[in-house]
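K.L.:
this one's structure only:
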């Protein structure tokens, strides 16, 4: 297998489409180039006898950062690949808020890393800037190592653009002590809308705490994860076949009104657009329930004496189907003219090891693993998170509950500014219909560039 021909024209098309559409929010990316300066470290000679330094970029912090650091350290110390070559990973962390900006800048100057983390939602829009894994490995053989849902996540129009690392859906984390104070059974969390509504009302009526936060970070995209989950549960759609947003449907209107009411007549939460308000309130014991992703467990486990648990988020009103948002971290090979085919093949093997041989990414970072072998591992099933979160995430996967936001052809589907209209509705800075109309315009502009 060998590298496909990467021409300057291919790169120009990618830079034009991604940059113009705002995928990387170029306004904030000045002076953040980088990479390994084009050095290929062992690109000459046979792959069995050379040495390779694999530059690897990732955005993980909080509870995830130390886990990834340990994974890389284990690789460098144990040399697990079936090769005589010495292979080391040079891990470089870039903060999330500038991660894709920096990657875009590096790709523009042919200074990209050898391997990088990329959210699956970007695999279509960034396809012009990454090398498909099938250029360097037998993806048909590798597919057997991953769950079907994870493999589908990294496949775009028949091309395997990455190797899957995990899936990170959302769920509802709750404070068991507040449940008990509210007169609720902390061992029997809500399973449907009526129970969810009763629980939230009981918290408001019987404690001094708030009932619920739609996103601990009170951010646009976090709000959209919750909003779209409940929209899909009502049978609503997000985009049509031509990538036009379809938020202004009955389900979209219903959930937008619900957001407005939760901070209005229902009195479940504060009317605020303050960043991290929900996170501070939940972790301080001032909010009973928070919708967030798999990654939240590592943060909560670090709080002494915090008595938390978890339930499935299939509790939306007027539910027609069980649907829950999910995305996944993937490992990609950014296009890089100076990286040899031999080094690319080694890098793909590193990605395979990283995504299949590390149960800690589930048991310590809390994510739903991509590798089928990890599900059967004692380390996974005996982990401290298994009963609380992982077993429930697995059940939702087995029931085909997860849906993915469409991989749009251009623009940034995870951009905060695409969904700040939901924060405005939550904070009562706009009426629900006004917010929806603003959202449709913003997302349409983002996709069309």
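P.N.:
Thanks, I have it. If you're wondering where the values come from, they're calculated on a predicted model, not measured in any experiment. Numbering: from 1, shown residues only.
K.L.:
tell me who's in contact with residue 268.
P.N.:
By CB atoms under 8 Å, 6 or more residues apart in numbering, the contact set of residue 268 is 200, 204, 210-212, 262. The C-beta positions use only the backbone N, C-alpha and C, and glycine is treated the same way.
K.L.:
and the residue nearest to it when sequence neighbours are not counted, how far from residue 202?
P.N.:
Among residues not flanking residue 268 along the chain, residue 211 sits closest, at 3.9 Å (CB to CB, 6 or more residues apart in numbering). According to CB to CB, to the nearest Å, residue 211 stands 8 Å off from residue 202.
K.L.:
more neighbours: which of those two?
P.N.:
Counted by other CB atoms under 10 Å, residue 211 and residue 202 do not tie: residue 211 has more neighbours, with 24 against 18.
K.L.:
wouldn't the more buried one be in contact with residue 203 here?
P.N.:
Yes. Between residue 211 and residue 203 a contact is recorded at 4.4 Å, counting by CB atoms under 8 Å.
K.L.:
hey, what's in contact with both of the two?
P.N.:
288-289.
K.L.:
which elements pack onto the longest strand seen in the chain?
P.N.:
Ranked by residue count and defined by DSSP state E, the top strand of the chain is strand 166-175. Identification of packing neighbours for strand 166-175 by 3 or more CB pairs under 8 Å, 6 or more residues apart in numbering; DSSP states H and E yields helix 148-153, helix 220-233, strand 287-293, strand 308-311, strand 324-327, strand 368-369, helix 391-398.
K.L.:
now with 6 Å, please.
P.N.:
Strand 166-175 sits against strand 287-293, strand 308-311, strand 324-327, with contacts defined as 3 or more CB pairs under 6 Å, 6 or more residues apart in numbering; DSSP states H and E.
K.L.:
out of those, nearest to residue 132?
P.N.:
strand 324-327 (19.7 Å; CB to CB).
K.L.:
quick one: residues in contact with that closest one.
P.N.:
Identification of contacts with strand 324-327 by CB atoms under 6 Å, 6 or more residues apart in numbering yields 119-121, 167, 169-170, 225, 228-229, 313, 396, 401-402.
K.L.:
which stretches of the stretch 251-400 of the chain form helices?
P.N.:
Using DSSP state H, counting those that start in this stretch, the helices of the stretch 251-400 of the chain run over 277-283, 296-301, 341-356, 360-363, 372-375, 378-381, 391-398.
K.L.:
ah, wrong one, I meant the stretch 51-200 of the chain
P.N.:
64-78, 96-108, 139-142, 148-153, 176-181, 193-206.
K.L.:
tabulate these (TSV), appending distance to residue 273.
P.N.:
Converted to TSV, these look like this (distance: least, CB to CB, whole Å):
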stretch	distance to residue 273
helix 64-78	26
helix 96-108	18
helix 139-142	44
helix 148-153	32
helix 176-181	24
helix 193-206	21
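K.L.:
the nearest residue to residue 169 once chain neighbours are set aside: how many residues sit nearby?
P.N.:
Nearest non-adjacent residue to residue 169, counting by CB to CB, 6+ apart: residue 326, 3.9 Å away. Counted with other CB under 10 Å, the neighbours of residue 326 add up to 26.
K.L.:
kindly report the same for residue 226.
P.N.:
Residue 226, neighbours per other CB under 10 Å, totals 25.
K.L.:
I figured it hits residue 213, correct?
P.N.:
No. Counting by CB atoms under 6 Å, residue 226 sits too far from residue 213 to count as a contact (9.1 Å).
K.L.:
report the residue ranges of every domain in the protein.
P.N.:
Listed domain ranges for the chain are 8-165+328-383, 170-326+404-448 (source: automatic domain parsing).
K.L.:
out of these, which gets the lowest mean score?
P.N.:
Sorting the domains of the chain by mean pLDDT places domain 8-165+328-383 lowest, at a mean of 84.
K.L.:
want to throw the helices and strands packed on strand 166-175 into TSV with distance to residue 420?
P.N.:
TSV is the format used below for the helices and strands packed on strand 166-175 (distance: least, CB to CB, whole Å):
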stretch	distance to residue 420
strand 287-293	17
strand 308-311	27
strand 324-327	18
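K.L.:
so which of these is the most packed in?
P.N.:
Comparing the helices and strands packed on strand 166-175 by mean neighbour count (mean count of other CB atoms under 10 Å), strand 287-293 comes out on top with a mean of 26.
K.L.:
can you name every helix or strand that that strand contacts?
P.N.:
Counting by 3+ CB pairs under 6 Å, 6+ apart, strand 287-293 packs on strand 166-175, strand 210-213, helix 277-283.
K.L.:
just to revisit the earlier point, most surrounded residue in the contacts of strand 324-327?
P.N.:
residue 120 (28 neighbours).
K.L.:
from residue 132, how far out is that residue?
P.N.:
From residue 120 over to residue 132 the distance is 14 Å, taken as CB to CB.
K.L.:
likewise for residue 304?
P.N.:
46 Å.
K.L.:
the two - which one has more neighbours?
P.N.:
More crowded of residue 304 and residue 132, by other CB under 10 Å: residue 132, with 21 against 4.
K.L.:
contacts only, for that one.
P.N.:
159, 161.
K.L.:
the helices and strands packed on strand 166-175: which one's closest to residue 189?
P.N.:
strand 308-311 (3.8 Å).
K.L.:
who does that closest one touch, helix- and strand-wise?
P.N.:
strand 166-175.
K.L.:
in PyMOL, select just the buried ones from the contacts of residue 268.
P.N.:
Provided next is the PyMOL selection string for whichever of the contacts of residue 268 are buried by 16 or more other CB atoms under 10 Å:
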select buried, resi 200+204+210+211+212+262
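K.L.:
now flag whichever of the contacts of residue 268 is closest to residue 143.
P.N.:
For the contacts of residue 268, the nearest to residue 143 is residue 212 (39.6 Å; CB to CB).
K.L.:
wait, doesn't the closest one sit right on residue 289?
P.N.:
Yes. Using CB under 6 Å, residue 212 makes contact with residue 289 at a distance of 4.6 Å.
K.L.:
ok, so what distance separates the nearest residue to residue 423 once chain neighbours are set aside from residue 124?
P.N.:
In this structure, residue 423 finds its nearest non-sequential neighbour in residue 273, 5.1 Å apart by CB to CB, 6+ apart. To residue 124, residue 273 is 31 Å away according to CB to CB.
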